[in-house]
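1. sequence unavailable; structure follows:
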């Protein structure tokens, strides 16, 4: 949510568009057709988040495998749309990049839970993910507590993915030490501008990189 003169603007894609229209520099392409294409990929980012949510809410192993396959298919669709990089539209950072920076941050935690192979056949997406992770406005958009908060959120789902997490020694230790925070997470974050959104950050799992049995 974004407050502007006391009025709330909600839905992350709408916040992105508001900021794009009221702040500089402009991140959308100048050409109308290219702007439309970028907005379509912003919407696709929401679909990717839905698939991610399907993974961390999957009630059993069969459902988890099915949602992981769906997620892998979406990532492959992105692979087909990317050029030479480093960003979505080449050298210029765009709103699409701001949308996908927080999305890719989920996988920095997921990668330590299981070898899911989501990016196994998508080298361009892998390079894009790395370029966004290295960008200061993406990297510094989150606080130090967010990796543990995301991990706690995932464990608390009581899902098949939660079972995988709790099977790892590092995660069993994490369950006994809750991060201090005001209130309680009730849902995962949605798409938002990387520099302003409250999103979760990578690398919670620390030095213990042993993996549980992966997704298909």
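-> Now that the structure is in, tell me what you want to look at. Everything numeric here is computed off the predicted structure, so don't read it as measured data.

2. who are the packing partners of the host helix or strand of residue 73?
-> Using DSSP states H and E, residue 73 maps to helix 61-81. Helices and strands touching helix 61-81, by 3 or more CB pairs under 8 Å, 6 or more residues apart in numbering; DSSP states H and E, are helix 32-57, helix 123-134, helix 160-166. Yep, even glycine has a C-beta here, placed from its N, CA and C like the rest.

3. what's the spacing between whatever helix or strand comes next after that helix and its chain's center?
-> Using DSSP H and E, the helix or strand that directly follows helix 61-81 along the chain is helix 95-110. Centroid separation for helix 95-110 versus its chain: 3 Å, with CA atoms, centre = their mean, to the nearest Å.

4. quick one: average pLDDT of helix 95-110?
-> Average pLDDT, helix 95-110: 94.

5. just stretch 67-81 next, same as before
-> In this model, stretch 67-81 has a mean pLDDT of 97.

6. neighbouring contacts of it?
-> The contact list for stretch 67-81, computed with CB atoms under 8 Å, 6 or more residues apart in numbering, reads 41, 44, 47-48, 51-52, 54-55, 58, 116-119, 121-125, 215-216.

7. what subset of the residues you listed is buried?
-> With burial judged by 16 or more other CB atoms under 10 Å, the buried subset of these is 41, 44, 48, 51-52, 54-55, 58, 116, 118-119, 122, 124-125, 215.

8. by pLDDT, give me the weakest of those residues.
-> residue 215 (42).

9. which residues of this protein score low on pLDDT?
-> Scanning the chain for pLDDT under 70 picks out the ranges 169-216.

10. try 90 this time
-> Scanning the chain for pLDDT under 90 picks out the ranges 1, 11-14, 16-17, 24-25, 108-117, 143-148, 166-216.

11. end to end on stretch 25-41, go ahead and measure it.
-> 20 Å (CA to CA, to the nearest Å).

12. what residues sit buried inside that stretch?
-> Buried, per 16+ other CB under 10 Å, within stretch 25-41: 27, 28, 29, 35, 37, 38, 39, 41.

13. ditto for stretch 71-88
-> For stretch 71-88, by 16+ other CB under 10 Å, it's 71, 72, 74, 75, 78, 79, 82, 86, 87, 88.
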